[in-house]
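Engineer: I'll drop the sequence and a predicted model, then ask my questions.
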Amino acid sequence: MTKQIKLQVARYRPEQESEPAFDEYEVPCHSDWVVLDGLNHVKDQIDGTLSYRWSCRMGICGSCGMTVNGEPKLTCATFLDDYAPGPVRVEPLRNFPVIRDLVVDLGDFMQKLVRVKPWIVRSVEKPLAAGEYLQSPEEMDEYKQFSMCINCMLCYSACPIYGLDPKFIGPAAIALAQRYNLDSRDEGAAERLEILSEHEGIWGCTFVGECTKVCPKNVNPAGAIQRYKLNAALESVKSFFLPRGA
Amino acid sequence: MAHIAEHYTAYHPRWLRPHISTYWWLRKRSYFAFILREVSSVFVAWSVVYLLLIVYAVGQGAVQYQELLEWSRQPWVVIVNVSSLLLVGFHAVTWFNLAPQALVVRFGHTHLPGSFISLSNYAAWVAVSAIVAWIVIGG
């Protein structure tokens, strides 16, 4: 007989209840099953009303982030067997408003992301005939780590500062800003610094470091923010001593 | 069909905005360490004040210095100073461990490893402490 494991899943059905409750489901605990497989089993076989997000099942899309036994996890990369004999408690990501069951609203992040201009900014674009912007492997290595972010929001869920002060721009948005700052083709660092040197930007971070610990892609947002702080401080000193520029 | 809660409409859903507990920092060891580091800043400030008091007393002469020593023998001052020593040490260690996150040093085509940067900090700490100890005890 297949080993079973109990899932305790947070349910919030706003048309029925004002507070979340937990429903329990017994699901198969195959050695190759992840928490997302367990949720899909519930949805397909036990209770079709369960709502949650998922897409790729391979740690690329960043849709299936949830809180598993108190820790933010990508449920497609979190094996049920690691929690045997259970139970496994599945809740929505922390620090976000819950729309329904395990689905949270990410609108706040989407607005913040656009503010930091996560694209290549050029003062003057080269004409197409001039060819592509070349980049050496060393130049790519400078930003590659930060480009691995999949916007899964685990870092926001782990960050107590974001929970306490929702105005804080947050780890992923700052790491993505740093990704473009470090890109040799980009010229937008000064524009981004204006946004990120606000109180709710890099200085909001007090380096708890949890964002880096929970990141499934080893992006190290905490490191990105500390580097950004150092750059901002140096820029500030430079502008004090050289007010008209170097 | 389940009972439809009063005031609920499909177009204005009631999002759940969970309350963050005042004791959130007790939930995880890393959160607690973070709060301890923040609190230790107060003791860092006290260490600076106490050092200035010593320097001032030494500048005023032997009598004032002796008075400060007498004052420092009070149990509560001893407790505060021993706590400060431990927490300033903890504060320093957290910052030395943070240094590699903020400092990325290129060396030719590679980056210096983070351990090199934090070990450099510890080495500088030991060296400065040894010099201070030599001046105070042996000098």
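Structural biologist: Thanks, I have the structure now. Fair warning: this is a prediction, and the values are worked out from it, not measured in the lab. Numbers count the residues shown, from 1 in each chain, chains lettered A, B, ... in the order given.
Engineer: measure how buried residue 74 is and give me the count.
Structural biologist: I went with chain A, as the question did not name one. 27 (other Cβ atoms under 10 Å in any protein chain shown). In this view, the C-beta of every residue, glycine as well, is placed from N, C-alpha and C.
Engineer: the chain in question should be chain B.
Structural biologist: Count around B:Gln74 with other Cβ under 10 Å applied: 10.
Engineer: quick one: pLDDT of A:Ser184?
Structural biologist: Per-residue confidence (pLDDT) for A:Ser184: 95.
Engineer: tell me the contacts of it?
Structural biologist: A:135-136, A:139, A:142 (Cβ atoms under 8 Å, 6 or more residues apart in numbering or on different chains).
Engineer: next step: those restricted to helices.
Structural biologist: Judged by DSSP state H, the contacts of A:Ser184 include A:139, A:142 as members of helices.
Engineer: what are the ranges of the strands in chain A?
Structural biologist: A:4-11, A:21-28, A:65-68, A:71-74, A:88-91, A:98-100, A:103-104 (DSSP state E).
Engineer: chain A: helices as residue ranges?
Structural biologist: A:35-41, A:107-115, A:137-147, A:154-158, A:160-164, A:171-181, A:189-196, A:210-214, A:221-241.
Engineer: and B:Val58, what helix or strand is that in?
Structural biologist: helix B:29-60 (DSSP states H and E).
Engineer: would you mark the buried spots in that helix?
Structural biologist: Neighbour counts over helix B:29-60 (16 or more other Cβ atoms under 10 Å in any protein chain shown) mark B:31, B:34, B:37, B:40, B:43, B:46-47, B:50, B:57 as buried.
Engineer: and the next helix or strand past it?
Structural biologist: helix B:62-72.
Engineer: how about residues contacting that following helix?
Structural biologist: With Cβ under 8 Å, 6+ apart, helix B:62-72 has contacts from B:53-54, B:56-58, B:77-78, B:81.
Engineer: so which of the buried residues of helix B:29-60 reach chain A?
Structural biologist: With Cβ under 8 Å from any Cβ of the partner chain as the criterion, the members of those in contact with chain A are B:31, B:34.
Engineer: closest to B:Gly89 among the buried residues of helix B:29-60?
Structural biologist: Set against B:Gly89, the nearest of the buried residues of helix B:29-60 by Cβ to Cβ is B:Ser40 (9.1 Å).
Engineer: okay, now the domains of chain A?
Structural biologist: A:4-104, A:107-241 (automatic domain parsing).
Engineer: flag every residue of chain A that's near chain B.
Structural biologist: Residues of chain A lying near chain B (Cβ under 8 Å from any Cβ): A:12-20, A:70, A:94-95, A:97-100, A:105, A:138, A:160, A:163-164, A:206-210, A:213, A:220, A:222-223, A:226-227, A:229-230.
Engineer: what about 6 Å?
Structural biologist: A:12, A:14-16, A:97-99, A:160, A:163, A:208, A:210, A:223, A:226-227, A:230 (Cβ under 6 Å from any Cβ of the partner chain).
Engineer: can you pick out the most distant pair from those?
Structural biologist: Maximum distance among the residues of chain A next to chain B (Cβ to Cβ): 50.5 Å, for A:Gln16 and A:Leu230.
Engineer: per-residue pLDDT, the residue nearest to the spatial centre of chain B?
Structural biologist: Nearest residue to the geometric centre of chain B (Cα atoms, centre = their mean): B:His91, 2.8 Å. On pLDDT, B:His91 comes in at 92.
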